[in-house]
Structures are given as C-alpha cells and as structure tokens.
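>>> below are the sequence and a predicted model; questions follow.
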Amino acid sequence: MKTMQRPKVISPGFFGSVIAADSRRTVFDFHNEVLIARQAHIDFLFIGDSITEMWDTETYFGGKGNRIVNRGIGGDTTTYMLKRFDADCVQLKPKYAVMKIGINNLWALDAPVRGERKDQTQLLAEVVSDIAEMVRKAKDGGIIPVVCSLLPTNIETNLQTSIRNELVLKINEQLKELVQNEDIPYVNYHPHLTEPDGKTLRPELADDGLHPHVLGYDIMAEVLREDLEKQGITI
C-alpha cells in the first residue's frame with residue numbers, strides 16, 4: 001500500500017471534564033482524518049445534538065448514491081457546536097451541512113445551580129447568534145448550510161416544559177428570518193411533530209418526550225426531503 005503523509009487536521013481539542021462535546025472527540029478526530037486523507041466527497045453532513053446523533057441518517061438517506069456523514073453529539077449545545085464547527089464540518093467540505101441544534105441550551109432555564117440559569121431573552125439571543133455564526137462559517141467555506149427548526153418537547157416531569165416550548169417557537173421564528181436574510185434552505189420539522197396546540201410534542205413520537213423514535217424520524221425524513229425538494233435539493 002502506498003505510504004503517505006498524514007494530513008493536517010483541525011481539532012478543537014477537549015473542552016472540559018463535563019462537556020458533552022468531548023464525548024465523541026477522539027472518534028471524530030480519527031474519522032475526520034480519514035475523510036480528509038482520502039479526499040472523500042461528502043454530499044450531506046448532519047451536525048447537531050443527540051437527535052442528530054441517534055438518527056440513522058445513512059439508512060434514511062444513503063441509498064441514492066449520496067455520501068452521508070453524521071456529526072451529532074448527545075447533549076451538545078450551540079456554544080460547543082460552534083467551537084467544533086471548523087473541525088467537524090468546514091474542513092470536511094460537504095456540499096450541504098444540515099444543522100439542527102439548540103434544545104440543550106434551554107435546560108439553562110432551570111439549571112440546578114442558580115448562577116448558571118439564563119432567562120428566555122438570553123437564550124434566544126445565544127442560540128440564534130451561534131447558529132448565525134455557523135451559517136457564516138459554512139458559507140465562507142463554500143458549503144450550503146441547511147438550518148433546521150428546533151423540535152417541540154413533552155416532558156411531563158419538567159416544570160419548564162411549557163415555557164421551553166414557547167421559547168422554541170420564538171427561536172424558530174428568528175431562524176426563519178435568518179435563513180431568509182442569508183438566502184439558504186430551511187427545514188421546518190416543528191409543525192409536523194406537534195399536538196393541536198402547535199407547541200407540544202406528540203407523545204406517540206418519543207418515549208421520553210424529547211428524543212424521536214422511528215415514528216418521529218420517519219416524519220422528519222419526509223419533511224426534510226419535501227422541504228429540500230421545494231428548494232431544488234434532492235436527498
């Protein structure tokens with residue numbers, strides 16, 4: 001086999017002992033190095049939190065000759081996805097980056113440590129500004145960013161669920177404005193997953209009120225295909 005020099009690979013390193021984004025850092029660094037060394041063409045790169053990580057995107061979307069890469073990390077927030085975005089997206093040069101992130105930021109509404117709590121105004125600004133920065137990074141790297149709506153929740157044991165779902169609606173409205181201003185694709189999962197109130201996750205789509213199982217992912221896959229098709233993109 002031909003011997004080659006290892007490529008220079010961007011890695012954000014580790015962020016701390018309790019940072020979710022660290023949980024897959026070593027694996028992603030190894031996989032990223034291979035993709036770069038082999039100059040692999042990537043059609044769609046999915047990046048986000050546990051809802052992305054647990055979505056078997058290859059099974060749903062890999063059957064039409066597309067190369068699909070998944071860079072979801074359970075528990076990730078916009079803060080740390082922004083820190084790893086150069087490593088896990090930009091340097092891999094996918095054609096499209098499908099971005100769905102932000103729900104984990106909202107646990108700060110009722111963080112156990114009072115000093116770590118944030119109000120709705122802070123969180124709205126944080127999520128939207130971080131996603132906007134990732135959109136700019138993607139576009140600067142010649143990548144078409146696909147921004148996805150946050151999903152509704154339905155966690156009966158959490159006292160902030162109603163407030164959190166209202167905040168999700170506000171964030172999604174600002175994400176719609178962002179994609180219009182940036183002239184990029186938007187995928188709106190939210191209304192297809194809610195109860196008649198338009199803000200609560202349908203209970204039959206997730207066992208824990210947060211993470212979709214196959215019925216939820218089936219809907220998301222259909223919405224993704226339809227919304228992208230409207231914008232001339234086939235997956």
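Perfect, thanks for sending it. Residues are numbered from 1 along each chain as shown.

>>> what's the local residue count around Arg117?
14 (other Cβ atoms under 10 Å). (Each C-beta comes from the backbone N, C-alpha and C, glycine too.)

>>> how close does it get to Ala111?
Distance, Arg117 to Ala111, using Cβ to Cβ, to the nearest Å: 5 Å.

>>> what does Asn181 give?
Taken as Cβ to Cβ, the span from Asn181 to Ala111 is 31 Å.

>>> which parts of this structure are helices?
Ranges of helices in the chain, per DSSP state H, are 25-37, 50-53, 57-61, 78-88, 120-140, 161-182, 214-230.

>>> any idea how many residues pack against Ala20?
Using other Cβ under 10 Å: Ala20 sits among 17 other residues.

>>> any idea of the pLDDT on it?
Each residue has a pLDDT score; the one for Ala20 is 85.

>>> my read is that it contacts Ile73, right?
Yes: assessed by Cβ atoms under 8 Å, Ala20 is found in contact with Ile73 at 6.0 Å.

>>> circling back: mean neighbour count and mean pLDDT for the helices of the chain - can I get that in CSV?
Output for the helices of the chain, formatted as CSV (neighbours: other Cβ atoms under 10 Å; pLDDT from 0 to 100):
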stretch, mean neighbour count, mean pLDDT
helix 25-37, 15, 97
helix 50-53, 21, 98
helix 57-61, 17, 97
helix 78-88, 22, 98
helix 120-140, 18, 98
helix 161-182, 17, 98
helix 214-230, 16, 98
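
>>> possible to save those helices as CSV with distance to Asp207?
CSV is the format used below for the helices of the chain (distance: least, Cβ to Cβ, whole Å):
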stretch, distance to Asp207
helix 25-37, 26
helix 50-53, 13
helix 57-61, 19
helix 78-88, 25
helix 120-140, 25
helix 161-182, 16
helix 214-230, 10
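
>>> which one is Lys95 nearest to, not counting chain neighbours?
Residue nearest to Lys95 in three dimensions, not counting chain neighbours: Asp43, with 5.3 Å by Cβ to Cβ, 6 or more residues apart in numbering.
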